[in-house]
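Novice: Fold the following, please.
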Amino acid sequence: MVYIVGHRGAAGIRPENTIPSFRLAGELGVDRLDCDVRLSEEGHAVLMHDATVDRTTNGTGRVSDLILEEIRALDAGGGEKVPLLGEYLAFLKQTGIPSEVEIKDPAALETVLEEIRDHDVVELVCITAKLETATRAKEILPGIDVGLPTANPSREEIEQAARIGASGVGIRYDHLTEELVKFVQGLGLEARGWNP
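Specialist: All right, here's what the predicted structure looks like:
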């Protein structure tokens, strides 16, 4: 099965990881969305790919060093604000579009899972995270879908993903080979090709 993922929404057309970007991706007909989550200094889950706000906003500094009020005051492009995870999950529930939610900071896991439960979107979300975090997600919320966002996974990593009940493994486009895809699929996993 092949499906198209709106990487950070319609990044490149709209400011990445913003609600207008996700909305446009949905209008363009993507099968799934993808977002990235980090925590503010006081522990609020916000959508941000990088460890700092420098590249995607008009501000500077590490996300984890900024309080929510400071993050929300930033311009994420075109006057858009950096969304809270809760705003994004409400959008998913409204539209029914499935999403991969990549946890960039393992400390965010419990907050993310709590918000997913609170918004009643467990069936729409796949948590993508490093093996230890993905394993912990399944322990806390057994019904949650998980995947590993790797670039060039080893066979051992792929086997570990299968053991924890992951649904797929990310493989960067330049590492996709027929042999690797067959190995992944042979373990009942999806081979999820992606580009930077």
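Novice: how about the helices in the chain?
Specialist: For the chain, the helices defined by DSSP state H occupy 19-27, 68-72, 85-95, 109-118, 131-140, 155-163, 178-186.
Novice: where does stretch 36-46 sit relative to the chain's centre, distance-wise?
Specialist: In terms of CA atoms, centre = their mean, to the nearest Å, the centre of stretch 36-46 is found 13 Å from the chain centre.
Novice: re the thing from before, now render the helices of the chain as a markdown table, adding mean neighbour count, mean pLDDT and distance to residue 53.
Specialist: In this view, the C-beta of every residue, glycine as well, is placed from N, C-alpha and C. Shown next, in a markdown table, are the helices of the chain (neighbours: other CB atoms under 10 Å; pLDDT from 0 to 100; distance: least, CB to CB, whole Å):
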| stretch | mean neighbour count | mean pLDDT | distance to residue 53 |
| --- | --- | --- | --- |
| helix 19-27 | 20 | 98 | 16 |
| helix 68-72 | 16 | 98 | 7 |
| helix 85-95 | 18 | 98 | 16 |
| helix 109-118 | 18 | 98 | 19 |
| helix 131-140 | 17 | 97 | 22 |
| helix 155-163 | 15 | 96 | 31 |
| helix 178-186 | 13 | 97 | 35 |
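Novice: could the ones you listed go into CSV alongside distance to residue 50?
Specialist: CSV is the format used below for the helices of the chain (distance: least, CB to CB, whole Å):
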stretch, distance to residue 50
helix 19-27, 15
helix 68-72, 13
helix 85-95, 16
helix 109-118, 18
helix 131-140, 18
helix 155-163, 24
helix 178-186, 28
